[in-house]
Each structure stands twice: as structure tokens, then as C-alpha cells.
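S.K.: Using only what follows, build the 3D model:
(chains A and B)
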Amino acid sequence: MVVMRVRRAGASALLIECRDSEQVEAWRGELWRRREAGELRVTDIVPGATTVLLDGVEPGLARELATWPAPDPVSPDQGPLVEIATEFDGEDLPDVARMWNRSVPAAIELLVSTQFTVAFSGFAPGFAYMRGLGEKFGVPRLDAPRPRVPAGSVALAGDYCGIYPTASPGGWRLVGRTSETLFDVRHEPPARLGPGTRVRLVPA
Amino acid sequence: MITVVRAGPLTTIQDQGRPGYAHLGVPRSGALDQRALRHANTLVGNSSTAAGLETTLLGCALRFDEPARVAVAGAPADVKVDKVLTSARVIEVGAGSVLDVGRAARGVRSYVAVAGGIDIEPVLGSRSTDTLSGLGPPKLANGMALPIGSSSALFVADSPGDIVDQLTLGVWLGPRDDWFSGRELFENEYQVSPMSNRVGCRLTGAALTRGVPGELASEGVVLGAIQVPADGQPLIFLADHPTTGGYPVIGVVDDVTPLAQARPGSTVRFRELH
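M.R.: You can find the predicted model right below:
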């Protein structure tokens, strides 16, 4: 049996520690399902890199959680699939290709053939941390962040890929851009790339 | 309709915020001093969900194009209607009159509630200005027009918190208290830094000693989380806090309301809760 660690985050929140991002996604999906089914009262279910935060819960939930069976792993073809039309003309693409020991066309090919999954959000509304590249293709952040990264910029940092929903300062390495809208408050949900969404970058 | 005559340095529309979207990176936002906004709303007969105004240190002035019932709570300040000082808890403002909320005598943020609430279009279920992400209405500017909603039923009064210069805050340790080796947090007095804002209250004082070096993988953070960056100086997250963070959270403050009114230089002590 897998012993799961649950940490307290104040009087009304719990932090579930997971082994890896796959387990995070399994727990996130399971907690979501239980909330929809009316079995779990919680204000926010917030996945992180290796944790899931339950914010706005009753005090007794920690004990109850310990009795729930570990959720089944999520299969790679689960979750909605979104294709993002991308122009691969990012300023940092040549540097990224060099770090990968590949030509620029081969680097683009790697990005196009990767199936990304949104692991968690943060930094800005609708900004999704997408995993899929794997550690082998991790790249460091820029030493000095750019004062302004345009909205729609497709960028890499660590082994995550992200797309800036709005213009902002940013230290991720730019590999491309999309003209698609990623965050719109008139939509429900407002973000196109929520946790668990599978994403493919398709050449525009 | 209200016309903004003097916006003040940072006056924003605030309500209970937009919880429920943290998984998409949307901060909760909302009034920093929820108790004070609720009190002002109660006095004018609004429900607790009505939007009011949150001022910062220097107040604001508003011209009412229609008669209105108004209450001011939170940081105490001189309140004048057409330059005449009033001490009424519930102020009846006539059409064409100007309500002036002056400089805060103590505390930081005064709350202005108007019967019917500020009735702008909500964004993701809230009318709050989020100073971190830019969601919601812009901060008040001179000349801006604010629509007033229709009044609703009366609710039971709620008492506002006291404003003090020396705060003692209850803290639940965790989730990352095991990243720290010392008890500095409970053994020292900290000062509120002038760098504090709606995102977080920055403290200066004895640096917290880390037992585990390095950065934490990004994880969800809650209101009141005491985040400790590399310099060891604690930062307490307030309403506009980011939804995830990479610095360890040593503990969580049980009630952040007093921090909404804590001026730079105020002292903060922490008491462990069990």
C-alpha cells in the first residue's frame, strides 16, 4: 500500500504530497470527480508540480482522506485534447536547438511530436505549466527575464512548456507564438488549458 | 450613479473576491479587511456579497448623482458631506452632494458601502479589482462613473475588528515547517515593511533559518500563507496573492484581517496554534 502524506496548510486547507506529476493528475481527477458527485466539499482544488492543495475544506477531511484508496493512474489518452496553431519563430529557438544538440527544424519536429499535458497553472490567469518534454529536454530560464513577453508566446523553462495568455515580464525561452485566445473571462471555464488538458502544438 | 471626484492613491472596488478559480491561476482577490466591508454593507442593508470601495491611507471623494445611503468602516477617517463633518454611522447623502472620506487616522484601509452596492459588471463572479493579475475593474480614477445597484433587505449587524499598532497573529505551522531549523518566527518581533501591498504583507526582522536548502517545486498556496524567500524575511499572502509559489511556506496565519489595517512600522508577533 502506498502511504500518502497529507500536510496541513492552515485551519481549512490540506496539501497532498504525491510521488510525481502522474500521481498529481490522478489525485486531481479523483478529487474533482468526488466534488462533482457531492462527496467532497472544497472551494479550490489546486494541483502543483508534486502536490494537490485542497483549500476551503472541513477540519475532519484529513482523517477521511487517509481512508480513500489511491486513485488509478490516468492513461495518456484521457482528458480533452486541444490543438494550438503555432508559428515556430521564437527568438530563443536557435539557442534551445543548440542545447538539445539538434538543428532548428529537428527541434521544431520534437515540439510538434510531443503530447503535452497541463500539469498545473500559476504565474498568471490561464498560464498552464505543460509537461511532456521530459527532463532530458529541460532548459534553464533566461538569466535576466524580458521586461515584456507578448501574449501568445510559446516558451520553455525547466521541463515545462507554457504559453503566455497575456503580455507580461517573463524569463522563459521563447520558441514560438500563437494567435489563439487562451484566457477569456466571458467563457466558462475561462482558461482553455486547464489542468489535465492534453495539448498539441500544430504548425500554423 | 457616483462620480469620482478624488480617487486617492489606490481606491478599488472590492467584494468577497473570486474563489474557485485558483486551479486556473486566478487569484481570490476581494476586500483585504473582509470584516470591515461586511460591517459597512450591513449598516446600509446590503447583503455580504455587495461590492464597496476600499481606500488606501488617504481616502477618496465621491459625488452622488442620486440620493444614497452610505456607511464607512475599517480605518477611521473624517467623513464629510459637502465639507460638513458627520459622525453618523449611516449617512444619508443627497443628490448632487459630495462625500469625502479623509486620511486614515489609524489603520490603512477604509471601506465605503452604498445601499445597493457598486453595480459594475462582475468578472468571474466578482467585482473586485485584482492588483496582481489585472482582472476586474481598474482602480478608481478622477471622473470615473460608478453605477449603484438597487437596495435589498436589511441584515444583522456584525462588529468590525479593532485597529492596533501591535499585532499578535495566530499561526498554524506547515505545510513546510520542516524546511526550517529555528523557532525565530515565534521568538522575535517583526515590523511591517512599506513594501507591503494587496498581494502580501512583507515583514522585516530576524531571518528564518532554513534547514533544507534550495527551491520547492511550485505548489498551491492559501490566504495567510507565510512564504519565506531566500533572504529569510517572511511574506504573508493577502487577497491578491498568486495561486502557486516556489518558496516554502512555514505556516499559515489564521486571520489576515488585522494585516489589512497594519501600517508600515507596526509590530507583529506570532503565536503558535495547535
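S.K.: And the contacts of the lowest-mean-pLDDT helix or strand in chain A?
M.R.: Ranked by mean pLDDT, DSSP states H and E, the helix or strand of chain A with the weakest confidence is helix A:61-67, at a mean of 89. By CB atoms under 8 Å, 6 or more residues apart in numbering or on different chains, the residues outside helix A:61-67 that reach it are A:4, A:6, A:8, A:14, A:16, A:40, A:54. Where you see a C-beta, it was placed from the backbone N, CA and C, and this is true even at glycine.
S.K.: Tell me how far it lies from the chain's centre.
M.R.: 26 Å (CA atoms, centre = their mean, to the nearest Å).
S.K.: on that earlier part again, just put the contacts of helix A:61-67 in JSON lines and tack on pLDDT.
M.R.: Compiled in JSON lines, the contacts of helix A:61-67 are given as follows (pLDDT from 0 to 100):
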{"residue": "A:4", "pLDDT": "72"}
{"residue": "A:6", "pLDDT": "93"}
{"residue": "A:8", "pLDDT": "95"}
{"residue": "A:14", "pLDDT": "97"}
{"residue": "A:16", "pLDDT": "96"}
{"residue": "A:40", "pLDDT": "96"}
{"residue": "A:54", "pLDDT": "98"}
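S.K.: Return the member of those residues nearest to residue B:178.
M.R.: Set against residue B:178, the nearest of those by CB to CB is residue A:8 (12.2 Å).
S.K.: before we move on, the earlier item: buried residues of the least confident helix or strand of chain A, list them for me.
M.R.: A:61, A:65 (16 or more other CB atoms under 10 Å in any protein chain shown).
S.K.: same thing with stretch B:101-111?
M.R.: Buried, per 16+ other CB under 10 Å, within stretch B:101-111: B:101, B:102, B:104, B:107, B:108, B:109, B:110, B:111.
S.K.: Contacts for it next, please.
M.R.: B:14, B:31-33, B:36-37, B:39-40, B:52-61, B:72-80, B:112, B:163, B:165, B:260-263.
S.K.: how does it look with 7 Å?
M.R.: With contacts defined as CB atoms under 7 Å, 6 or more residues apart in numbering or on different chains, stretch B:101-111 is touched by B:31-33, B:36-37, B:40, B:52-60, B:72-79, B:112, B:163, B:260-263.
S.K.: end-to-end on that stretch?
M.R.: In terms of CA to CA, to the nearest Å, the two terminal residues of stretch B:101-111 are separated by 9 Å.
S.K.: likewise stretch A:65-76?
M.R.: 26 Å.
S.K.: what's the answer for stretch A:140-159, then?
M.R.: First-to-last residue span, stretch A:140-159, CA to CA: 9 Å.
S.K.: what's the offset of that stretch from the middle of its chain?
M.R.: Offset of stretch A:140-159 from its chain centre (CA atoms, centre = their mean): 15 Å.
S.K.: pLDDT value on residue B:23, please?
M.R.: pLDDT, residue B:23: 97.
S.K.: That one reaches residue A:118, doesn't it?
M.R.: No. Look at residue B:23 against residue A:118 with CB atoms under 7 Å: they stay out of range, at 9.9 Å.
S.K.: tell me, what's touching these two both at once?
M.R.: Contacts common to residue B:23 and residue A:118, judged by CB under 7 Å, 6+ apart, are A:194, A:195.
S.K.: and the gap between residue A:106 and chain B?
M.R.: Shown here: residue A:106 relative to chain B, a distance of 30 Å by CB to the nearest CB, to the nearest Å.
S.K.: ok, that residue - how many residues close by?
M.R.: 11 (other CB atoms under 10 Å in any protein chain shown).
S.K.: which one is it nearest to, not counting chain neighbours?
M.R.: Using CB to CB, 6 or more residues apart in numbering or on different chains and skipping the chain neighbours, the partner closest in space to residue A:106 is residue A:97 (7.2 Å).
S.K.: Surely that neighbour is in contact with residue A:109?
M.R.: No. Using CB under 7 Å, residue A:97 and residue A:109 do not qualify as a contacting pair, with a distance of 10.5 Å.
S.K.: Double-check that the residue nearest to residue A:106 belongs to a helix.
M.R.: Yes. Assessed by DSSP: H, G, I helix; E, B strand; the rest coil, residue A:97 belongs to a helix.
S.K.: how many neighbours does it have?
M.R.: 18.
S.K.: and if you look at residue A:6?
M.R.: The burial count for residue A:6: 16, using other CB under 10 Å.
S.K.: ditto for the one 10 residues further on
M.R.: Using other CB under 10 Å, residue A:16 has 23 other residues around it.
S.K.: Skipping its backbone neighbours, what lies nearest it in space?
M.R.: Of all residues not flanking residue A:16 in the chain, residue A:52 sits nearest, at 4.5 Å (CB to CB, 6+ apart).
S.K.: Double-check that the one you found belongs to a helix.
M.R.: No. Per three-state DSSP, residue A:52 lies outside any helix segment and is strand.
S.K.: and it, what are its bridge partners?
M.R.: Counting by DSSP bridges, residue A:52 forms beta bridges with residue A:16, residue A:47.
S.K.: how about it, what does it touch?
M.R.: A:16, A:18, A:24, A:27, A:28, A:31, A:45.
S.K.: Also residue B:239?
M.R.: B:17, B:28, B:29, B:30, B:32, B:198, B:223.
S.K.: Can you pull the phi and psi angles for it?
M.R.: phi -50, psi -40 (degrees, to the nearest 10).
S.K.: Quick check: the gap between it and residue A:190.
M.R.: In this structure, residue B:239 and residue A:190 are 19 Å apart, going by CB to CB, to the nearest Å.
S.K.: One more: residue B:67?
M.R.: 37 Å.
S.K.: higher neighbour count, the two?
M.R.: Comparing residue B:67 with residue A:190 by other CB under 10 Å, the one with more neighbours is residue A:190, at 20 against 12.
S.K.: from what I can see the more buried one touches residue B:24, true?
M.R.: Yes. Residue A:190 lies in contact with residue B:24 (CB under 7 Å); the separation is 6.5 Å.
S.K.: shared neighbours of the two, which are they?
M.R.: Joint contacts of residue A:190 and residue B:24 (CB under 7 Å, 6+ apart) are residue A:126.
S.K.: residues in chain B within reach of chain A, list them.
M.R.: Contacts of chain B with chain A, taken as CB under 7 Å from any CB of the partner chain, map to B:19-20, B:22-26, B:123-124, B:133, B:135, B:172, B:174-175, B:217-220, B:222, B:224, B:242-244, B:249, B:252, B:254.
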